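>>> What shape does this take:
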Amino acid sequence: YTAAKIPLDTVWMDIDYMEAWKDWSLDPVNFPPDEVSSFVEAIHDNGQHFVVIVDPGILAVDDSWNLDYAPYTDGLEMDLFVKDGF
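Have a look, this model is predicted:
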């Protein structure tokens, strides 16, 4: 953008950064934490903004996946989820 003189005030990171679409996670293969951190630091050093999109949907984990996802299991245990929305 800089070389082409295209103004860029904000970089948005969509849900592709998530590991298996789990909120509050980072895909360590495609978005290594150290590289993401360096990228964001460079963005801020340039006076630009960085926005992470957080999808408010919590992944409903199927028992057959053998996947531990605390936001889902904690939500179940605390009875936090809406059950009659549709």
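>>> Only C-alpha atoms from now on, for both contacts and neighbour counts.
Noted.
>>> List the buried residues in the lowest-mean-pLDDT helix or strand in the chain.
Sorting the helices and strands of the chain by mean pLDDT, DSSP states H and E puts helix 70-77 at the bottom, at a mean of 92. Neighbour counts over helix 70-77 (16 or more other CA atoms under 10 Å) mark residue 72 as buried.
>>> Show residues contacting it.
58-61, 81 (CA atoms under 8 Å, 6 or more residues apart in numbering).
>>> what comes up buried for stretch 9-24?
Buried residues in stretch 9-24, defined by neighbour count with 16+ other CA under 10 Å: 15, 17-19, 21-23.
>>> So residue 44, which state does it fall into?
Secondary structure, DSSP: H, G, I helix; E, B strand; the rest coil: residue 44 is helix.
>>> what bridges to the nearest residue to it once chain neighbours are set aside?
Closest residue to residue 44 apart from its sequence neighbours, by CA to CA, 6 or more residues apart in numbering: residue 50 at 7.5 Å. On the basis of DSSP bridges, residue 50 is bridged to residue 11.
>>> Nearest spatial neighbour of residue 51, chain-adjacent residues omitted?
residue 12 (4.8 Å).
>>> ignore the last one, residue 20
Leaving aside its chain neighbours, residue 20 sits nearest to residue 27 (7.6 Å; criterion: CA to CA, 6+ apart).
>>> Just the pLDDT for the one you found.
Note on residue 27: pLDDT of 94.
>>> what's the answer for residue 30, then?
pLDDT, residue 30: 95.
>>> cool, residue 86 as well?
Value listed for residue 86 in the pLDDT field: 64.
>>> Alright, that wraps it up for me.
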